[in-house]
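# Just need the structure, nothing else, for what follows:
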Amino acid sequence: MQYTINTSGQLRPILKGFRKTQGLSQKAMADKLGISQQTYQVLESTPHKVTIDRFLRVLSILNVKLMLSDAAPVRVVSSKKPLAVKGVTALKAKAAIESTGAKQLNKDKW
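Just a heads-up that it's a prediction; the model follows:
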């Protein structure tokens, strides 16, 4: 399932839902991250305040992929010539970060 996130407030219920779908408690997540359950509780309740590195580690454990895309689809006029917008070639930008699995987490760097 794909979710569109437009505000930081949408992160909390989505993270919680992914965690529960995996059958993990906050304590189990904390153990996988090498942190206390209380620290994970704060992380899950205010994910918008966490560093991107920590956020990506949580997503990795949850086996969740982060995908970024343009808000509006790019229309290609001709397959031979890309559409130019204000002097810049309009190409659709996508970045996918594949989960690496919890085994690759370095607990010392948390």
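# I'd like the distance between the nearest residue to T46 once chain neighbours are set aside and A72.
Spatial nearest neighbour of T46, excluding adjacent residues (C-beta to C-beta, 6 or more residues apart in numbering): R12 at 7.7 Å. In this view, the C-beta of every residue, glycine as well, is placed from N, C-alpha and C. Using C-beta to C-beta, to the nearest Å, we find R12 at a distance of 27 Å from A72.
# cool, and M29?
35 Å.
# Who has more neighbours out of these two?
M29 (22 against 7; other C-beta atoms under 10 Å).
# Give me the buried positions along the helix or strand hosting the more buried one.
Counting by DSSP states H and E, the element that carries M29 is helix 26-33. Neighbour-count burial for helix 26-33 flags 26, 29-30, 32-33 (criterion: 16 or more other C-beta atoms under 10 Å).
# which residues in this protein form strands?
All strands of the chain, identified by DSSP state E, fall at 66-68, 84-85, 88-89, 95-97.
# By mean pLDDT, show me the worst of the ones you listed.
Mean pLDDT values for those show the minimum at strand 95-97, a mean of 30.
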